[in-house]
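Student: here is my input; please provide its structure:
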Amino acid sequence: MIDADLYKKRYLILQDISNAIVISDRIASLTDYLLDIAIKYVNAESGSLMLANERGDLSILSSRGLDAAYIRSFGSQGEDAISNIILQKRLPMLVQDITQHPEFLSPDRHHYKTRSFISCPILFRNRPLGIINVNDKKDGAPFSHDELELLQIIANNAAVALENAALLNRLKSAAADLEQMNRRLIDSDIIKTEFLMSISHELRTPLNAIKGAIYYLDNHDTASPGERREFNGIISTEASNLSSTIDNLIRFLEVEDESLMLDKSPINIADILNSLPAGQLKSALSARSIRLTVAPLSGPMWILGDRLRISQLFMNLLIGLSHYLSPDDAIDLSVSSTNDLLSFLIDLSRPLPRTILQQLNSDTSLYPSRSSDDRVRLYLARNTAIAHRWSITAENENTASRITLTCPLNRKETLNAYINKSIDLFVDFISDAMDINICSVMLSDDLTGELRVTCARGLDDKVVKTTSIKPGDKIAGWVALEGKPLFISDVETDARFSKKSIPQYNNKSLMSLPLKIDDRVIGVLNLNNKNSSEPFSEQDYNQALALIDSFSKHLRHAYAKQLSEAEIFQLMASLDLNITYPVNTHKRRH
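Tutor: This is a model prediction of the structure:
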C-alpha cells in the first residue's frame, strides 16, 4: 500500500510542474526548474537534464552538483551506453549498485559519491525529448522504487511542459513572421497607392493634352495650316512624353538588385522546403498532374535572406517551370552544401525550351507585350535570386533539365544576423525578468563610433530609426565613452546631465550599462520604466549588471575568431538554449 507521504509527494510534484508550465516558455529556464523539482523530491544531491536534438544527439542542458569539466567532456563510452539504452528502449532505469553493471562503468564515474542512480526518458507521444538523471542520494542509501516512480511522474509531466514551451516558441516565431509580413503588406499598400496616384497623373497629363488637340482638330474644319501644325506638334510632343513615361515605368518595374530592400534574417531552409508542397503551389501542380519531391534534410540548414521573398522565389520558379512539363512529369528538389556554398538542385523530367533556358541564365528584360504568366513568374524568381546575390543556371541534360540555385555563405553577414537575433532575445528576456516596458540596445558603428538603436521595446519606431548618438554625448554616449555603468535615481537632479524627464517615462530613474567584449565597448543597454512605476532600486541595478555580464560572455563567444560559420548556424538552431543567465534572476511563481 502506498503511504500518505508518497501520495503527498505525487500531489506536490504535479502542482509544481503545473506551475512550471506557466513560468516561462524559455527552455533553459524550464529545464533548470524541472531538474530542481526532481532533485528535491527524490532527495538527491546531483543530477542532470539532457535534451536530444533532431538527430537524437544528447547534450546536458541543466545540471546540479556536476563539475564543469565533466559537463564539457560528456559523451564518454559509459555515459553513452546508459543514454543509448534509455533512448532506444524508452524505459526508465534504476541502478542500485553500478558495480553490478560493468557495462555502464566508465573511468570518470569518480564524480559521483554513491553507486546508485536513476535515469528516466522524457517522452512525448513515445517520441524521446531527452533524459533526466538523479545521482547521489543525500543519506548515501540506494534509490528506491518509490523514488523511481516519482521521477517517472516528473519525466512524464516534464515532457508536456517542454513540448508546450517548444510549441509556444514556434507559435511566437510564426506570429512574429505574420506580423512582419502584415506590416510589409500595409507599407506596400501605402506605397502602391502613392505610386498609382503619381503614375496616373503622369499618364493622364499627356493623354489629356493629346485628346484636347485631337478634339480641336476634329471640330474645327476651318483651322488654318499654322493651327494644324501647332496642334500636331502638341500631339507629337505629348506622345513622346507618354512613350518616355512608359519606358521609365518599365525600367522601374524591372527591379534591379541594388534597389531591392531585403529584410534579411536567419532562415532554416528546412522550414521553407517543408512548406512548399502546399497552398497555391500544390494546387497548380495537382491541376497539371505533376509530382513534386523534396529531398528531406538531415537537420537544420541555415541561410540569411528575406523569408517572404525566398518562399515566393521557390513558388514562382516551380509554378513557372510546371508550364513546360506534361502530365505525370516530375520535379525533384534537393540541397547540397559545402563550407561556403549552398546549392538547390531542381531536376525536371524533360528538357526546357531554349528561350526559357536563356531567360533563366541571362539578365533579359521583360516587356508586357511578350510576357505570359509563366514567364513573369520565372522573371520574378530570377530577380529575387539575384537580389540575394545567388547565382542561377539552367541546362538541358539529354531527356531532362536541371536548374541550380547557388547561395554563398558569408561568415560576417551570418555573424551579424546571429548577433542581432541574440540581442532581440536578450531584450525580450531582460524586459520580462526586470518587469520593465522601455528597453533598448544601441550598438556602435564600426567606422564612426556613433550609437544606433539595434533593438528596442517600448520606443516609437521613428525614435528607433532616427536616433544617433556620438560617443560622449548624452547619457548613452557617456557610458559608451567611459565604459562605466550608470544608475541614475533622478535624471533631473543628476549634476552630470541635469536632463528634463520626458513624459513617456513614468519615473525619473534609469540605468545605462556598457555592453563589452573583453575591454572594448561595443554598445549600450538602456533601461527605463518599471511597469510598477516605481524607481529602480539597488537590487535592480545589481540584477541588470549580472544579466549584461552574462550576455557579454555569450557575445564574446560568438565574436571569437575561431568560431566557424557552421558553428554560428549551429548556435542559431538552438539560440534560446545558448543564452544562459544567472538562475537567481529568473522570475519564478510558486
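Student: and stretch 212-221, which residues are buried?
Tutor: Within stretch 212-221, the residues that qualify as buried are 213, 217, counting by 16 or more other CB atoms under 10 Å. Just so you know, the C-beta spots here come from the backbone N, C-alpha and C atoms, and that holds for glycine as well.
Student: what about the helices in the stretch 51-200 of the chain?
Tutor: Along the stretch 51-200 of the chain, counting by DSSP state H, counting those that start in this stretch, helices occupy 68-72, 77-89, 145-219.
Student: what distance separates stretch 311-327 from the centre of its chain?
Tutor: Centroid separation for stretch 311-327 versus its chain: 27 Å, with CA atoms, centre = their mean, to the nearest Å.
Student: tell me the mean pLDDT for that stretch?
Tutor: For stretch 311-327, the mean per-residue pLDDT is 92.
Student: do the same with stretch 128-143
Tutor: Mean predicted lDDT for stretch 128-143 stands at 89.
Student: any weak-confidence spans in the stretch 451-590 of the chain?
Tutor: 493-506, 560-590 (pLDDT under 70).
Student: let's see it at 80
Tutor: Where the stretch 451-590 of the chain drops to pLDDT under 80, the residues are 461-462, 490-508, 554, 557-590.
Student: and the strands in it?
Tutor: For the stretch 451-590 of the chain, applying DSSP state E, counting those that start in this stretch gives strands covering 451-457, 468-469, 486-488, 510-517, 520-530.
Student: as TSV, these with mean neighbour count and distance to residue 548 would be great.
Tutor: Output for the strands of the stretch 451-590 of the chain, formatted as TSV (neighbours: other CB atoms under 10 Å; distance: least, CB to CB, whole Å):
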stretch	mean neighbour count	distance to residue 548
strand 451-457	19	14
strand 468-469	16	18
strand 486-488	19	12
strand 510-517	21	5
strand 520-530	21	6
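Student: burial measure for residue 95, as a count.
Tutor: Neighbours of residue 95 under the rule other CB atoms under 10 Å: 18.
Student: if we can go back for a sec, got the strands of the stretch 451-590 of the chain as CSV, with distance to residue 338 columns?
Tutor: Shown next, in CSV, are those (distance: least, CB to CB, whole Å):
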stretch, distance to residue 338
strand 451-457, 31
strand 468-469, 40
strand 486-488, 48
strand 510-517, 30
strand 520-530, 31
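Student: surely residue 213 and residue 231 touch.
Tutor: Yes - using CB atoms under 8 Å, residue 213 is in contact with residue 231, at 4.2 Å.
Student: between these two, what contacts are shared?
Tutor: The contact sets of residue 213 and residue 231 do not overlap (CB atoms under 8 Å, 6 or more residues apart in numbering).
Student: if I look at residue 59, how far off is residue 46?
Tutor: 18 Å (CB to CB, to the nearest Å).
Student: between the two, point out the one with more neighbours.
Tutor: A side-by-side neighbour count of residue 59 and residue 46, using other CB under 10 Å, places residue 46 first with 21 against 14.
Student: quick one: the strand or helix carrying the more buried one to helix 145-219, angle?
Tutor: Secondary structure assignment for residue 46, by DSSP states H and E: strand 44-52. Angle, strand 44-52 to helix 145-219, by axes from the mean of the first three to the mean of the last three CA atoms, to 10 degrees: 40 degrees.
Student: strand partners (parallel or antiparallel) of strand 44-52?
Tutor: strand 58-64 (antiparallel), strand 127-137 (antiparallel) (DSSP bridges).
Student: just the buried residues of the shortest one, please?
Tutor: Neighbour counts over strand 58-64 (16+ other CB under 10 Å) mark 58, 60, 61, 62, 63, 64 as buried.
Student: for residue 335, which non-adjacent residue is closest in space?
Tutor: residue 344 (5.8 Å; CB to CB, 6 or more residues apart in numbering).
Student: what's the spacing between the one you found and residue 133?
Tutor: 42 Å.
Student: same check, this time on residue 338
Tutor: Using CB to CB, residue 338 is found at 39 Å from residue 133.
Student: compare those two (neighbour count), which wins?
Tutor: Using other CB under 10 Å as the criterion, residue 338 and residue 133 rank with residue 133 on top: 25 against 8.
Student: hang on, the more buried one packs against residue 118?
Tutor: Yes - between residue 133 and residue 118 a contact is recorded at 7.1 Å, counting by CB under 8 Å.
Student: before we move on, the earlier item: tell me which helix or strand the residue nearest to residue 335 sits in.
Tutor: Assigned by DSSP H and E, residue 344 falls within strand 341-348.
Student: other SSEs contacting that strand?
Tutor: helix 307-322, strand 330-337, strand 400-408 (3 or more CB pairs under 8 Å, 6 or more residues apart in numbering; DSSP states H and E).
Student: list the buried residues in whichever helix or strand comes after it.
Tutor: Sequence-wise, the next helix or strand downstream of strand 341-348 (DSSP H and E) is helix 354-361. Judged by neighbour count using 16+ other CB under 10 Å, the buried positions of helix 354-361 are 356, 357, 359, 360.
Student: I'd like the residues you listed as TSV, with pLDDT and distance to residue 9 appended.
Tutor: Putting these into TSV (pLDDT from 0 to 100; distance: CB to CB, whole Å) gives the following:
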residue	pLDDT	distance to residue 9
356	92	70
357	93	71
359	89	70
360	92	67
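Student: make CSV out of those residues and add distance to residue 399.
Tutor: Below are those laid out as CSV (distance: CB to CB, whole Å):
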residue, distance to residue 399
356, 16
357, 15
359, 21
360, 19
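Student: and those, which two are the farthest apart?
Tutor: 357 and 359 (7.4 Å; CB to CB).
Student: CA-only coordinates of stretch 509-526 in CSV, if you can.
Tutor: The C-alpha atoms that make up stretch 509-526 are tabulated as CSV, following Å, rounded to 0.1, in the frame of the first residue of the first chain:
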residue,chain,number,x,y,z
SER,A,509,15.2,56.9,-12.6
LEU,A,510,17.1,55.0,-15.3
MET,A,511,20.0,52.7,-15.9
SER,A,512,22.5,52.7,-18.8
LEU,A,513,25.1,49.9,-18.9
PRO,A,514,28.0,49.3,-21.4
LEU,A,515,28.0,46.1,-23.5
LYS,A,516,31.6,44.9,-23.7
ILE,A,517,33.6,42.3,-25.5
ASP,A,518,36.6,42.0,-23.2
ASP,A,519,37.6,45.7,-22.6
ARG,A,520,36.1,47.0,-25.8
VAL,A,521,32.7,48.7,-25.6
ILE,A,522,30.5,47.6,-28.5
GLY,A,523,27.2,49.1,-27.3
VAL,A,524,25.0,50.3,-24.5
LEU,A,525,21.9,48.8,-22.8
ASN,A,526,19.3,51.4,-21.7
